[in-house]
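**Student:** Fold the stuff below for me.
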Amino acid sequence: MRAVQVTRTGGPEVLEVVDLPTPEPGPGEVLVDVAAAGVNFIDTYRRSGAYPMSTPFVAGSEGAGTVARLGPGVTEVAVGDRVAWKEAPGSYAEQVCVPVAEVVPVPDAVSDEVAAATMLQGMTAHYLATSTYPVGKDDWTLVHAAAGGVGLLLTQIVKLRGGRVLATTSTPEKADLARGAGADEVTSYDDFAGRARELTDGEGFPVVYDGVGKATFDRGLDALRVRGLMVLYGAASGPVPAFDPQTLNAKGGLFLTRPSLAYYTRDRAELVDRTEELFGWIGAGQLDVRIGGRYSLAEAGQAHEDLQGRRTTGKLLILTR
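**Tutor:** This next block holds a predicted model:
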């Protein structure tokens, strides 16, 4: 089988297509014929060495495809089932072994590409709006990078729950995408805190969803109302520097959380529940998953360049066929 391998850490150029033996599923695993693999920032961190990995390794962790073989003891799925997953190392490949605890069924109404594009970003948007801060009717929310993969989905889910969205984007084209996803207001990164105050007669928002990090964090605190919640779920602009927790007190007794998907899919039941609701919305036409780019295995390096260069919107996929 063909796979995208990293033999040394570095830039996108270290991603190489190689021929490898077909993996053998172990106990509790399934071998899947990969149709599409998701491209995520965590893939670039692992490739660059920011998140240390033993080399060589096959890149990628998210995808969708068809079960080709069952490992010992697997009864939850059958050969031929369409499945998706959020965490299976080696997913930039024609075949990958996935723990059966990680696979979720893909309904007929959802394509392999959309399923692969939904797992990490879709479930992140889902837990942010339904669990980290359960958005209620008329709640104002600030969604940074609203034209990105998570941002577009998060905006839509906030609207499905009756909330309102102030979206930040960097270009007029991205602003149009955010509005198309349902954003009530769109602003630049220059004065989003001031706009949040204007929209609430000076009070501020109950929640800020920040996947940008260093460039937006401090001003995001200024957008919050008393006892508001800063949800820092990413660091696309770099990590937030250390700061004095007394700042939270000075700005109104604020709350800060740094969640991640692993803590919101701690068992298979929670994982399946989240994906069932997401796939249900997609099948009903209530949630649109924007695929911003499709690449071959040989173009994986270009996919990483485009993602890190912020030249894309929506989700990037690597297709194996």
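**Student:** Would you mind listing the buried residues in the one helix or strand Ala64 maps to?
**Tutor:** Taking DSSP states H and E as the criterion, Ala64 maps to strand 62-70. Of all the residues in strand 62-70, those buried under the rule 16 or more other Cβ atoms under 10 Å are Glu62, Gly63, Ala64, Gly65, Val67, Arg69, Leu70. All C-beta spots, glycine's among them, are computed from the backbone N, C-alpha and C.
**Student:** Which of those sits closest to Gly11?
**Tutor:** When those are ranked by distance to Gly11 (Cβ to Cβ), Glu62 comes first, at 21.4 Å.
**Student:** Surely that closest one is in contact with Pro89?
**Tutor:** No - assessed by Cβ atoms under 8 Å, Glu62 is found out of contact with Pro89, at 10.4 Å.
**Student:** Quick check: beta-bridge partners of Lys207?
**Tutor:** Rather than Lys, residue 207 is Val. Thr141, Leu229 (DSSP bridges).
**Student:** could I have the strand holding Ala64 exported to CSV, CA atoms only?
**Tutor:** Taking Å, rounded to 0.1, in the frame of the first residue of the first chain, the C-alpha atoms of strand 62-70 are listed here in CSV:
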residue,chain,number,x,y,z
GLU,A,62,-8.3,11.2,11.0
GLY,A,63,-10.3,9.7,8.2
ALA,A,64,-13.1,7.6,6.8
GLY,A,65,-13.4,4.5,4.7
THR,A,66,-14.6,0.9,4.5
VAL,A,67,-13.7,-2.0,6.9
ALA,A,68,-11.6,-4.5,5.0
ARG,A,69,-10.6,-6.9,7.8
LEU,A,70,-11.4,-7.6,11.4
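**Student:** what about the helices in the stretch 1-150 of the chain?
**Tutor:** Listed in chain order, the helices of the stretch 1-150 of the chain (DSSP state H, counting those that start in this stretch) span 41-48, 112-127, 149-160.
**Student:** Using CSV, list the CA coordinates for the shortest one.
**Tutor:** As requested, the backbone C-alpha atoms of helix 41-48 are provided in CSV (Å, rounded to 0.1, in the frame of the first residue of the first chain):
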residue,chain,number,x,y,z
PHE,A,41,-2.8,21.4,12.5
ILE,A,42,-1.7,18.5,14.8
ASP,A,43,-0.4,16.7,11.7
THR,A,44,1.9,19.7,11.1
TYR,A,45,3.1,19.8,14.7
ARG,A,46,4.0,16.1,14.6
ARG,A,47,5.7,16.5,11.2
SER,A,48,7.8,19.4,12.4
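**Student:** Identify the residue nearest the geometric centre of the chain.
**Tutor:** By Cα atoms, centre = their mean, the chain has its centre lying nearest to Gln121, at 2.3 Å.
**Student:** got any ranges where the protein has weak pLDDT?
**Tutor:** Applying pLDDT under 70 to the chain flags no residue at all.
**Student:** Domain parsing of it, as residue ranges.
**Tutor:** Split into domains by automatic domain parsing, the chain comes to 2-119+275-319, 137-258.
**Student:** Can you get me the start-to-end distance on the longest one?
**Tutor:** End-to-end distance for domain 2-119+275-319: 12 Å, by Cα to Cα, to the nearest Å.
**Student:** Then the last one?
**Tutor:** From its first residue to its last, domain 137-258 covers 24 Å (Cα to Cα).
**Student:** Just give me how far that domain sits from the chain centre.
**Tutor:** How far domain 137-258 lies from its chain's middle: 17 Å, per Cα atoms, centre = their mean, to the nearest Å.
**Student:** now do stretch 247-263
**Tutor:** 20 Å.
**Student:** same thing with stretch 22-41?
**Tutor:** On Cα atoms, centre = their mean, the centre of stretch 22-41 falls 19 Å from that of its chain.
**Student:** For it, what is the spacing between the initial and final residues?
**Tutor:** 27 Å.
**Student:** buried ones in that stretch?
**Tutor:** Across stretch 22-41, burial judged by 16+ other Cβ under 10 Å covers 23, 25, 29-32, 34-41.
**Student:** want to try TSV for the domains of the chain, with distance to Leu128 as columns?
**Tutor:** Listed next are the domains of the chain as TSV, based on distance: least, Cβ to Cβ, whole Å:
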stretch	distance to Leu128
domain 2-119+275-319	13
domain 137-258	6
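**Student:** Tell me which of those domains lies nearest to Arg268.
**Tutor:** Once the domains of the chain are compared by Cβ to Cβ, domain 2-119+275-319 is nearest, at 5.3 Å.
**Student:** Can you tell me which of the buried residues of strand 62-70 is nearest Phe217?
**Tutor:** Once Cβ to Cβ is applied, the member of the buried residues of strand 62-70 that ends up nearest Phe217 is Glu62, at 26.3 Å.
**Student:** show me what contacts that closest one?
**Tutor:** Applying Cβ atoms under 8 Å, 6 or more residues apart in numbering to Glu62 gives the contacts Ala37, Gly38, Asn40, Trp85, Lys86, Glu87, Ala88, Ser91, Ala116, Met119, Leu120.
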